[in-house]
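**Q** dropping the sequence and predicted coords here.
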Amino acid sequence: MRTPGAMWDGWRSRRYEARRRVRDAGEWERATGHKDWGDDRIGTALTAVLDLRESLDARRLSALRPGVELGVTEVKEAWAGMDGGPYAFTLNLLERLRDARLVTIAPADDGRMRVTVPEGLHDRLRSRWPADEEAEWHERLLGNARVLAQPGGTWLDLPLLAGYWWRNLVWHMWHCDPGKAAALLGDPRWQIARIQRFEVRGLLADLTLVDSPSARVTASTIDEVIGGLDPDAPHDPGELAQDLLRALGHAGQAAAVRQPQGLHAVLQLPRFTQDFAMSPDNTWLVAVGRDKHIRIYDVATRAVRRVIPAQPEVGYHCAVAPDCSFVMTRSAGEGARAWDPVDGEERIPFEAGHVTGSVYGPDDMWLAYDAATGDLVNPFTGERLPTKPLARQVGHLALAADGSVLAMGNARGQLGLWDPRTGRRIAELPDHRHAVNRLGMAADGSWIAIGDVYGIRVLELPSGDERFTLPQRGTDFVTTDDWLAVPDFGRVQIRSIRTGDLLRTLEVHTDNVLECHMSPDRRYLLTMDREGTLIVWDAATVVA
């Protein structure tokens with residue numbers, strides 16, 4: 001039974017809420033010129049889920065392209081800007097609109113959350129904007145893009161990984177200055193840069209915004225070129241760009257596309273990717289991570305070939321068989337498993353054990369460390385070497401490219417060298433001061449690089465004499481015979497393997513770089529940042 005006090009409190013609360021709604025309605029009408037959102041399904045749902053502050057903020061969602069999947073994180077970063085500028089687009093607001101079935105938020109094949117604003121909702125939100133305020137909002141958003149371009153530069157100077165702006169710059173520009181949008185779209189340099197960075201269909205969508213003879217001719221020409229492509233066959237973005245240059249009459253004009261030296265491809269992996277590996281033929285790669293899915297990516301097209309459904313545990317390690325016939329993965333608390341990269345079916349039986357790391361050598365040599373037994377095992381054949389190299393807690397393996405020497409280090413700082421074909425111990429190195437987290441080795445086994453949480457030491461073999469020591473902030477690096485690649489926050493430092501001197505800094509990433517890998521044949525360097533952006537570099541041209 002309710003007490004009189006409780007009844008009084010309830011009545012007072014309802015009266016306060018009624019007064020607040022009347023006050024909010026008045027402020028809403030003064031701000032927008034409308035009494036409400038409307039009395040149909042969209043209007044009723046918006047009125048039910050939004051208070052005054054959220055109603056004013058929600059109008060700004062009409063600045064998003066309707067009916068287009070956009071990465072939630074990417075939109076947030078682009079709208080917030082480098083200086084923490086205007087950002088009223090909150091995940092909480094999106095989730096409430098999703099719960100009201102007004103917007104869609106769902107994971108895409110690449111593992112990222114995507115938001116889509118339907119046309120009907122977009123039109124309703126836009127109808128509550130005065131035209132001058134809407135243009136001002138788009139202009140403020142363009143200010144965020146200007147910060148990313150080089151001082152005094154053009155829109156072609158946008159960072160390679162500023163994906164939101166490469167895809168949506170023209171959309172925002174068209175709403176505040178259609179003339180500038182048309183001029184940008186008519187610039188062949190922008191067209192080619194846009195095509196090489198992202199799918200050509202995005203450029204076609206931009207061209208539909210501008211109703212001019214030039215835009216119609218350009219759209220028709222591009223449509224003819226892509227209409228002649230086989231939709232089921234992969235296409236090379238660089239070759240497509242050249243085909244379009246010829247079709248558009250710019251064959252003799254060099255496209256002003258500023259691409260960093262050595263950059264081969266850019267792929268977007270899920271944000272919480274734990275490990276990735278390039279196939280030995282360098283045409284595809286596999287990635288595993290916290291969402292427990294296994295994803296196969298085509299390197300040339302940047303597309304997801306296949307998603308193998310969620311596994312019981314987080315994926316921590318993956319590798320590809322030397323003949324590309326299967327993918328090996330290891331999840332937390334589980335032994336290694338094998339999967340067909342084409343149809344996604346599991347291969348049974350597979351007895352590689354509790355694999356924590358694996359390395360490739362010549363003649364299809366493939367060795368993995370089984371943490372459950374301390375054995376070295378060939379996942380390709382299931383053969384186990386007769387000796388146990390180290391007791392447990394092995395942090396990393398390194399194999400000379402000629403297959404002559406295998407190095408192993410563990411969490412106790414123990415280091416040793418073995419013959420990878422027989423398992424015979426070749427030499428024992430002095431114990432390292434800290435846990436060994438990463439190893440690298442010369443192609444002929446003449447030196448070894450040892451990494452821990454404090455730095456990287458490069459030692460001559462077999463003497464153990466130190467070449468140099470580099471301080472580092474993480475535990476990751478990879479080596480070639482000429483250089484070390486070392487993550488340094490949002491950059492990757494390329495340092496001489498002989499002296500440790502800085503040779504070049506790779507500065508394309510826009511977030512902290514977490515992982516560096518090499519392809520099995522050491523032709524490509526792969527770097528991945530915290531947001532899952534993976535860049536494939538041509539190792540031979542990383543340093544001029």
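**A** Structure's in. What do you need? Residues are numbered from 1 along each chain as shown.
**Q** CA atoms for contacts and neighbours, from now on please.
**A** Fine.
**Q** residue contacts, the nearest residue to Gln311 once chain neighbours are set aside?
**A** Excluding its sequence neighbours, the residue lying closest to Gln311 (Cα to Cα, 6 or more residues apart in numbering) is Lys292, at 5.1 Å. Lys292 is in contact with 309-315, counting by Cα atoms under 8 Å, 6 or more residues apart in numbering.
**Q** now with 6 Å?
**A** Listed by Cα atoms under 6 Å, 6 or more residues apart in numbering, the contact set of Lys292 reads 310-311, 314-315.
**Q** do you know the pLDDT at Ile296?
**A** Here the pLDDT value assigned to Ile296 is 96.
**Q** name the helix or strand for it, please.
**A** Secondary-structure element containing Ile296, defined by DSSP states H and E: strand 294-298.
**Q** next secondary structure after that strand?
**A** Next element after strand 294-298 (DSSP H and E): strand 304-308.
**Q** low-confidence regions, this protein specifically.
**A** By pLDDT under 70, the weakly predicted segments of the chain are 1-26, 81-91, 196, 199, 233-238, 241, 250-259, 387-393, 395, 544.
**Q** helices of that one, start to end?
**A** 4-32, 41-49, 52-58, 72-80, 91-99, 119-127, 131-148, 163-176, 178-186, 188-197, 200-207, 213-227, 237-247 (DSSP state H).
**Q** and the ones you listed as TSV, adding distance to Gly382?
**A** Below are these laid out as TSV (distance: least, Cα to Cα, whole Å):
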stretch	distance to Gly382
helix 4-32	70
helix 41-49	58
helix 52-58	58
helix 72-80	42
helix 91-99	48
helix 119-127	55
helix 131-148	51
helix 163-176	43
helix 178-186	57
helix 188-197	42
helix 200-207	46
helix 213-227	46
helix 237-247	40
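**Q** out of those helices, nearest to Pro66?
**A** helix 119-127 (5.3 Å; Cα to Cα).
**Q** that closest one to helix 41-49, inter-axis angle?
**A** For helix 119-127 against helix 41-49, the angle by axes from the mean of the first three to the mean of the last three Cα atoms, to 10 degrees is 70 degrees.
**Q** what residues does helix 119-127 touch?
**A** By Cα under 6 Å, 6+ apart, the list of residues contacting helix 119-127 reads 59, 62, 66-67.
**Q** coming back round to it: tell me what the strand holding Ile296 is packed against?
**A** Judged by 3 or more Cα pairs under 6 Å, 6 or more residues apart in numbering; DSSP states H and E, strand 294-298 is in contact with strand 284-289, strand 304-308.
**Q** figure out which of those is closest to Ser325.
**A** Closest approach to Ser325 among the helices and strands packed on strand 294-298 (Cα to Cα): strand 284-289, 12.3 Å.
**Q** note down every partner strand of that closest one and its orientation.
**A** strand 273-278 (antiparallel), strand 294-298 (antiparallel) (DSSP bridges).
**Q** strands of the stretch 351-500 of the chain, residue ranges please.
**A** Along the stretch 351-500 of the chain, counting by DSSP state E, counting those that start in this stretch, strands occupy 355-360, 366-370, 375-377, 394-399, 406-410, 415-418, 425-429, 438-441, 447-451, 455-460, 466-471, 478-479, 483-488, 491-496.
**Q** okay, those in a markdown table with mean neighbour count and distance to Leu240 next?
**A** Formatted as a markdown table, the strands of the stretch 351-500 of the chain follow (neighbours: other Cα atoms under 10 Å; distance: least, Cα to Cα, whole Å):
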| stretch | mean neighbour count | distance to Leu240 |
| --- | --- | --- |
| strand 355-360 | 23 | 34 |
| strand 366-370 | 25 | 37 |
| strand 375-377 | 24 | 44 |
| strand 394-399 | 24 | 39 |
| strand 406-410 | 25 | 43 |
| strand 415-418 | 20 | 48 |
| strand 425-429 | 15 | 52 |
| strand 438-441 | 25 | 38 |
| strand 447-451 | 25 | 41 |
| strand 455-460 | 20 | 43 |
| strand 466-471 | 15 | 43 |
| strand 478-479 | 24 | 33 |
| strand 483-488 | 24 | 32 |
| strand 491-496 | 21 | 30 |
